[in-house]
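>>> Using only what follows, build the 3D model:
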Amino acid sequence: MFAILGMPVQFEVDAAELERRYFAEQRRFHPDRFTGKPERERQFSMQHSTNVNEAYRVLGDPVRRAEHLLLLAGQPARTVEETVRDPVILMRALEMREALAEAQSRAEIDGVLKAAKGEALACTAELTKAFANADLQCARTLTLQLTYLQKFIEEARERRTRVVGGQSAGAHS
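Modelled structure (predicted):
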C-alpha cells in the first residue's frame, strides 16, 4: 500500500502529501487515458487504478493503516474474541454508550461526540508513538481502541441526525 503511493512505511501520514500522490497516480494511470491502447495496457491501467484507490483508502484511514502496518510486521490486529476480553476498552465503550443513551438533546450529544473525538485524536497520537517505538503490542491495543472510538463516533453522528428540534425524535411520538 505504501509503495503504491510512494509513501514512507510509518503510521504517521501527511494527509496533504497522501492526497497529492493519490491524484498524481490517478491522473497517470486513469483508464480513460488508455482507451485505444492495447488490451494488456488497458487491463494494467484498470488494475493499477484499483490498487491506487485501495492504497488511498487504507492509508487515509488510521485504523486500516494501523492494521496494515501490524500485518506487515506479522502481527494481525486483534480479533473480536480478544476485544471482549480487554476490560479497559470494554468498560470505556460501555461508559460512552451509556452517556450517548442518556443524551437527549443535540447539545448533549455534541458533548459526547466532542469527547469521543478528543479520545480518538489522543489515541491516534499514541498509535504514532507506539509504531515509532516498534511497540506492536501497544499498537494492537490502541488499534482496537481506535476501532471502537471510530464506530462510536459514527453511531453518535447518526443519533445526532435523528434528534429533531433539540430533542430525541422518539420523544415526539
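>>> What's the separation between the residue nearest to Phe29 when sequence neighbours are not counted and Leu90?
Excluding the flanking residues, the one nearest Phe29 by CB to CB, 6 or more residues apart in numbering is His48, at 4.5 Å. For glycine as for every other residue, the C-beta is placed from the backbone atoms N, C-alpha and C. Distance from His48 to Leu90, counting by CB to CB, to the nearest Å: 42 Å.
>>> And those two? Which one has more around it.
Set side by side, His48 and Leu90 give different neighbour counts by other CB atoms under 10 Å, the larger being at His48 (18 against 13).
>>> for the chain, what spans make up the strands?
Assigned by DSSP state E, the strands in the chain fall at 163-164, 167-168.
>>> looking at those strands, which one has the lowest mean pLDDT?
Among those, strand 167-168 carries the lowest mean pLDDT, a mean of 52.
>>> CA atoms only for stretch 155-166, dumped as PDB, please.
What follows is stretch 155-166, C-alpha atoms only, in PDB (Å, rounded to 0.1, in the frame of the first residue of the first chain):
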ATOM      1  CA  GLU A 155     -23.100   6.000  15.900                       C
ATOM      2  CA  ALA A 156     -23.200   9.300  17.800                       C
ATOM      3  CA  ARG A 157     -23.400  11.200  14.500                       C
ATOM      4  CA  GLU A 158     -26.300   9.000  13.400                       C
ATOM      5  CA  ARG A 159     -28.000   9.600  16.700                       C
ATOM      6  CA  ARG A 160     -27.500  13.300  16.300                       C
ATOM      7  CA  THR A 161     -29.200  13.300  12.900                       C
ATOM      8  CA  ARG A 162     -32.300  11.600  14.500                       C
ATOM      9  CA  VAL A 163     -32.600  14.400  17.100                       C
ATOM     10  CA  VAL A 164     -35.300  16.800  16.000                       C
ATOM     11  CA  GLY A 165     -35.600  20.400  17.300                       C
ATOM     12  CA  GLY A 166     -33.100  19.700  20.100                       C
END
